[in-house]
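Participant: sequence first, predicted coordinates after that:
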Amino acid sequence: MARPKKIEKKSFQLEFDFKNSLKVIETSEEARDLIIAMIAAKNRDRSQWRGVIAIPPTSLLDSIISQFRLKTNIPLEIPFFTFFSILSGYLLNKNINLILDDMLIKPDVWTVVLASSGAGKTYTEKKISNGLNEVMKDIEFRGTGCVSSATFVDRLSEKPHGLWIRDEFAQFLKQIENPNGPLSDMKDYLLRLHDNSTISRETKKNGNIEIEDPALSILGLTVFETFKCYVTTESMLDGFAQRFSYVIAEADPTRHFLNYPLWQIDNKSWQLRWDNLVKKIQPAYYGNKDSITAFSTSFQTLYNQQIPESFYRRIMWKAHKYAMLYHVLKEDISSELKAEDYGWAARALSLHIDDAAFLIGDHNISAIERIIQSAEKLYDKIAVTKHREATARDLISGVNAIKNAGQANAILSIIKGAKKFQ
């Protein structure tokens, strides 16, 4: 493992709570896998917008992004993922799914977009929503004003399939972590929603409510300068937080704000293009093994690092959904997904992995990486000199930062996992 370089911390990257982060790593296999993947992902050039590789030419998305690129300085990740969330919500509302080896996959995507205050998050959402006004009327779940878990269930029973756009999402995540607050049951409801499992609750207004097979796409918008005030590194490593895909929408250095005193988006043609797109949508879509193999190849080419199997399989699950979204976006009239669709999906997903790593921050990953590096040196030394594997006791006595057997075993697990990919 190479020596971690010193990194200047950005204002919106999360503060590192070493003790609590180690506690999460100690108890969660998902967190250990994520650390291995993020160490591999942490180096990348952020000097130019990278999403152009994930936009099919001449598509409706291409037209939308072109308007924002030419007429605003709004970070293009915002319109990019807003559009995908709307497309996903539409397919959910129409109960259009992907069938893969007799397994039904719903195209719900959960995305959190972080951008600076004044970056145009609300403006973008309104412009695209207004341009696709007929769509949003049918699919929008109005859950932003929910002040209690009971209200959420009431409104979900009215719109169990669609799109939830939630502003100030970091504050919302903080609220649902409060076990004594009015949203204390929300975490369980969201976990059930993610798994499309039945949600039931006894309410004063409507009695017993039971929602079968719920499915919402979620687009969370939040200011990244304040994100760290509500979300910690250890909560980002938690399995619940990993159900969301994170996107960092930074300013484009080639589009200075002084060159765009007014934002003037022409969205008049979008509804007509959308209407033409939905005419080609099939009642259901089907995957095949050849296409999945294509995703694996595309993903490895773009990512050029190997990652733990469990982490890869979570990404693979999202790949099926994005492949279906791209298939629809390209206005392909066939019902079977193609290798090309998975290639596009790999490009979109590579943005999510990079941004999750960047959000936790090289300054945070490097702090853990330095411990792993010290432990790995000891691990290798014991293998050479004593011809055995290092134990938790060895790491506790040989690495000052490791204080107990739980931490030591977690670090050993990471070392062994990382060595599989060296």
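Facilitator: Looks like it arrived, so ask away.
Participant: and the pLDDT for residue 145?
Facilitator: pLDDT recorded at residue 145 is 77.
Participant: no no, residue 410
Facilitator: For residue 410, pLDDT reads 86.
Participant: what's the nearest residue to it if we skip its chain neighbours?
Facilitator: residue 26 (4.3 Å; C-beta to C-beta, 6 or more residues apart in numbering). (Each C-beta comes from the backbone N, C-alpha and C, glycine too.)
Participant: for residue 75, which residues are in contact?
Facilitator: 49, 115, 119, 120, 249, 250, 251, 252 (C-beta atoms under 8 Å, 6 or more residues apart in numbering).
Participant: quick one: it is in a helix?
Facilitator: No - applying DSSP: H, G, I helix; E, B strand; the rest coil, one finds residue 75 to be coil, outside a helix.
Participant: tally of neighbours for the residue nearest to residue 410?
Facilitator: 18 (other C-beta atoms under 10 Å).
Participant: quick one: buried ones out of the contacts of residue 75?
Facilitator: Buried by 16 or more other C-beta atoms under 10 Å: 49, 115, 119, 120, 249, 250, 252, out of these.
Participant: among these, which pair sits farthest apart?
Facilitator: Spatially, the most separated pair among these is 49 and 120, at 14.4 Å (C-beta to C-beta).
Participant: where along the stretch 251-400 of the chain do the helices fall?
Facilitator: 270-278, 289-303, 309-329, 339-360, 362-385, 392-398 (DSSP state H, counting those that start in this stretch).
Participant: what is the nearest of the buried ones among the contacts of residue 75 to residue 418?
Facilitator: Out of these, the member with the shortest distance to residue 418 (by C-beta to C-beta) is residue 250, at 29.1 Å.
Participant: so for residue 226, what's the nearest residue that isn't a sequence neighbour?
Facilitator: Using C-beta to C-beta, 6+ apart, the closest residue to residue 226 is residue 170 (6.7 Å).
Participant: could you list the low-pLDDT ranges of this protein?
Facilitator: Low-confidence segments of the chain (pLDDT under 70): 1-22, 24, 30-49, 232-239, 294-313, 357-369, 420-422.
Participant: may I ask you to name the longest strand in it?
Facilitator: strand 215-223 (DSSP state E).
Participant: which other helices and strands contact it?
Facilitator: If contacts are counted by 3 or more C-beta pairs under 8 Å, 6 or more residues apart in numbering; DSSP states H and E, strand 215-223 sits against helix 77-93, strand 110-115, helix 121-131, strand 161-166, helix 169-176.
Participant: including distance to residue 102, could those go into JSON lines?
Facilitator: Formatted as JSON lines, the helices and strands packed on strand 215-223 follow (distance: least, C-beta to C-beta, whole Å):
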{"stretch": "helix 77-93", "distance to residue 102": "20"}
{"stretch": "strand 110-115", "distance to residue 102": "25"}
{"stretch": "helix 121-131", "distance to residue 102": "36"}
{"stretch": "strand 161-166", "distance to residue 102": "22"}
{"stretch": "helix 169-176", "distance to residue 102": "34"}
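Participant: now, the contacts of residue 75 that are in strands?
Facilitator: Per DSSP E, the contacts of residue 75 map to strands at 115, 249.
Participant: and the residue most central in space within the chain, its phi and psi?
Facilitator: Residue closest to the mean C-alpha point of the chain, counted by C-alpha atoms, centre = their mean, is residue 245 at 0.4 Å. The phi/psi pair for residue 245 (degrees, to the nearest 10) reads phi -100, psi 130.
Participant: my read: it touches residue 111, true?
Facilitator: Yes - the criterion here is C-beta atoms under 8 Å, and residue 245 meets it with residue 111 at 5.0 Å.
Participant: out of the helices of the stretch 251-400 of the chain, nearest to residue 147?
Facilitator: The nearest among the helices of the stretch 251-400 of the chain, by C-beta to C-beta, is helix 339-360 at 28.3 Å.
Participant: elements contacting that closest one?
Facilitator: Helix 339-360 packs on helix 29-41, helix 233-237, strand 245-249, helix 289-303, helix 309-329, going by 3+ C-beta pairs under 8 Å, 6+ apart.
Participant: the inter-axis angle of it versus strand 110-115?
Facilitator: 50 degrees (axes from the mean of the first three to the mean of the last three C-alpha atoms, to 10 degrees).
Participant: tell me the angle helix 339-360 makes with helix 309-329.
Facilitator: Using the same axes, to 10 degrees: helix 339-360 against helix 309-329 is 130 degrees.
Participant: just the CA atoms of helix 339-360, as CSV, please.
Facilitator: Backbone C-alpha positions of helix 339-360 (Å, rounded to 0.1, in the frame of the first residue of the first chain) are rendered in CSV as follows:
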residue,chain,number,x,y,z
ALA,A,339,-24.4,-4.3,-23.6
GLU,A,340,-24.2,-0.6,-24.5
ASP,A,341,-26.8,0.2,-21.8
TYR,A,342,-24.6,-1.3,-19.2
GLY,A,343,-21.6,0.6,-20.6
TRP,A,344,-23.5,3.9,-20.1
ALA,A,345,-24.5,2.7,-16.6
ALA,A,346,-20.9,2.1,-15.7
ARG,A,347,-20.0,5.7,-16.6
ALA,A,348,-22.7,7.2,-14.4
LEU,A,349,-21.9,4.9,-11.5
SER,A,350,-18.2,5.8,-11.6
LEU,A,351,-19.2,9.4,-10.7
HIS,A,352,-20.9,8.2,-7.6
ILE,A,353,-18.0,6.1,-6.3
ASP,A,354,-15.5,8.9,-6.9
ASP,A,355,-17.7,11.4,-5.1
ALA,A,356,-18.4,9.2,-2.1
ALA,A,357,-14.6,8.9,-1.7
PHE,A,358,-14.1,12.6,-2.1
LEU,A,359,-16.8,13.5,0.3
ILE,A,360,-15.4,11.5,3.1
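Participant: what are the buried residues along stretch 339-351?
Facilitator: 339-351.
Participant: sorry, back to before: next, format the buried ones among the contacts of residue 75 as a markdown table and append distance to residue 75.
Facilitator: A markdown table is the format used below for the buried ones among the contacts of residue 75 (distance: C-beta to C-beta, whole Å):
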| residue | distance to residue 75 |
| --- | --- |
| 49 | 8 |
| 115 | 6 |
| 119 | 6 |
| 120 | 8 |
| 249 | 4 |
| 250 | 6 |
| 252 | 6 |
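Participant: re the thing from before, how close does the residue nearest to the centre of the chain get to residue 219?
Facilitator: 10 Å (C-beta to C-beta, to the nearest Å).
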